[in-house]
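S.K.: Quick one: sequence and predicted model below, then my questions.
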Amino acid sequence: MPDANSSDVARRFRRQAPVIVSVLVTAVVCVLVVSFLVVQLTAHADHDVHAAAPAGGQYVDITSVAPAAAPAAPDSDASTGSLVEHCGANAGGQHRNADNVIADPRLPGGAHHTHDYVGNLSTNAFSTDDSLAAAATTCANGDKSTFYWPVLRVLGEQSSDANAVGGGQDGNTGRILTPSVDIRFVGSPVSQVVPMPEFLRATIGDPKALTDGAGLISPQWTCTGYANRVTDLYPLCPSGSSVVRVFDFPSCWNGTSLDSANHRTHLVLPAANGGCPHATFPVPQLRITLTYDVPSGAQYAIDSFPEQQRSPLTDHADFIDVMTDTEQAQIVSCVNSGKQC
């Protein structure tokens, strides 16, 4: 039979047990919170270190780049026309975010770098086909398609997004430059083209090229006055010459899908001669050309995922077709007839 002292100890333990448990739970929570904060602070510190500026060797004097060979003459059945769309340049920066509705739908800030948008005014991580179709656009012809790409910044200068996701929080620092924007649709050098379907998704380039390898990279950097000299590094342009980025989108459609798991296999690039692979169909090729007046002697870089170190190899752009049948038919007519519209 327990003695009186044992019973008294047991009673006191039962009275104090809730307090002991509460203290232990509080201690565990505190440890977890501190651990979480350390991880977050470390992550942000890593982002700032690795993404503030490109690694060495990422720039090249454009005059040292060898001129490209002249393109082959188009075939007799080529579609040599083009149509230019005037969609502005997002000059006031009103439409920028760190989303990517194609690669990371419903994930705000999922790109970890800032995109410039023209065309559809509503594009964000939560956009749907219906919301895009219902939105306004910056394109003068009424095209509600969305066109977007990473911003380009002058390094060492202040930006209003220094504490924002996609900006300084992800190591993307510097003053954002506004480019002049040329959006046009061109044809195929070997065949006529067919209309692309509404809500087709298209991606060019690899935002993770530095770690993925060279398989999907397609950056085209050059300078005004040197269009036949193209590099995958940041070009250093002579005085009076501007930095140029060119995106030639894939234009061979599988005929059935608006998107694919990797956002690429449903719409692929043509072969070197301009022809499309078997069982694909040539659609008008989107070409976006961005021209920047980078201050003389300034270092510059595009935004990127932090671990991609703002490499020029990671340059990329995205497009969602929200054209009406009439708008798409006009492009096909201009391109196939050889007109410059």
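M.R.: That came in fine, so what should we check first? Numbering: from 1, shown residues only.
S.K.: mind listing the strands for the stretch 201-341 of the chain?
M.R.: For the stretch 201-341 of the chain, applying DSSP state E, counting those that start in this stretch gives strands covering 201-205, 221-223, 234-236, 243-248, 252-253, 267-268, 281-282, 285-292, 300-302, 316-320.
S.K.: among these, which is nearest Tyr148?
M.R.: Nearest to Tyr148 among the strands of the stretch 201-341 of the chain is strand 316-320; the distance by Cβ to Cβ comes to 5.4 Å. The way it works is simple: take the backbone N, C-alpha and C, and place the C-beta from them, glycine included.
S.K.: Would you mind pulling up the elements that the closest one packs against?
M.R.: strand 146-150, strand 201-205 (3 or more Cβ pairs under 8 Å, 6 or more residues apart in numbering; DSSP states H and E).
S.K.: rerun at 10 Å
M.R.: strand 115-119, strand 146-150, strand 201-205, strand 243-248, strand 285-292 (3 or more Cβ pairs under 10 Å, 6 or more residues apart in numbering; DSSP states H and E).
S.K.: low-scoring pLDDT stretches of this structure, where are they?
M.R.: 1-51, 214 (pLDDT under 70).
S.K.: so which of the strands of the stretch 201-341 of the chain gets nearest Lys339?
M.R.: From the strands of the stretch 201-341 of the chain, taking Cβ to Cβ, the stretch that ends up closest is strand 285-292, at 15.9 Å.
S.K.: Each with direction, which strands does that closest one pair with?
M.R.: When pairing is defined by DSSP bridges, strand 285-292 lines up against strand 180-186 (antiparallel), strand 243-248 (antiparallel).
S.K.: Point out the most buried one among those.
M.R.: Neighbour counts averaged per stretch over the strands paired with strand 285-292 are highest for strand 243-248, at a mean of 22; criterion: mean count of other Cβ atoms under 10 Å.
S.K.: Centre of the chain to that one, how far?
M.R.: 13 Å (Cα atoms, centre = their mean, to the nearest Å).
S.K.: how about that strand as PDB, C-alpha atoms only?
M.R.: Taking C-alpha atoms only, strand 243-248 is exported to PDB below (Å, rounded to 0.1, in the frame of the first residue of the first chain):
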ATOM      1  CA  VAL A 243      21.200  45.800 -76.900                       C
ATOM      2  CA  VAL A 244      18.800  43.500 -78.700                       C
ATOM      3  CA  ARG A 245      17.000  40.300 -77.600                       C
ATOM      4  CA  VAL A 246      15.300  38.100 -80.200                       C
ATOM      5  CA  PHE A 247      12.800  35.300 -79.500                       C
ATOM      6  CA  ASP A 248      11.900  33.100 -82.400                       C
END
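S.K.: I'd like to check the angle between that strand and strand 201-205, please.
M.R.: 130 degrees (axes from the mean of the first three to the mean of the last three Cα atoms, to 10 degrees).
S.K.: If Asn97 is in a bridge, with which residues?
M.R.: His115.
S.K.: Near it, how many other residues are there?
M.R.: 20 (other Cβ atoms under 10 Å).
S.K.: Do I have it right that it meets Thr114?
M.R.: Yes: using Cβ atoms under 10 Å, Asn97 is in contact with Thr114, at 7.1 Å.
S.K.: Touching both of these two, which residues are there?
M.R.: Here Asn97 and Thr114 share the contacting residues 164-166, scored by Cβ atoms under 10 Å, 6 or more residues apart in numbering.
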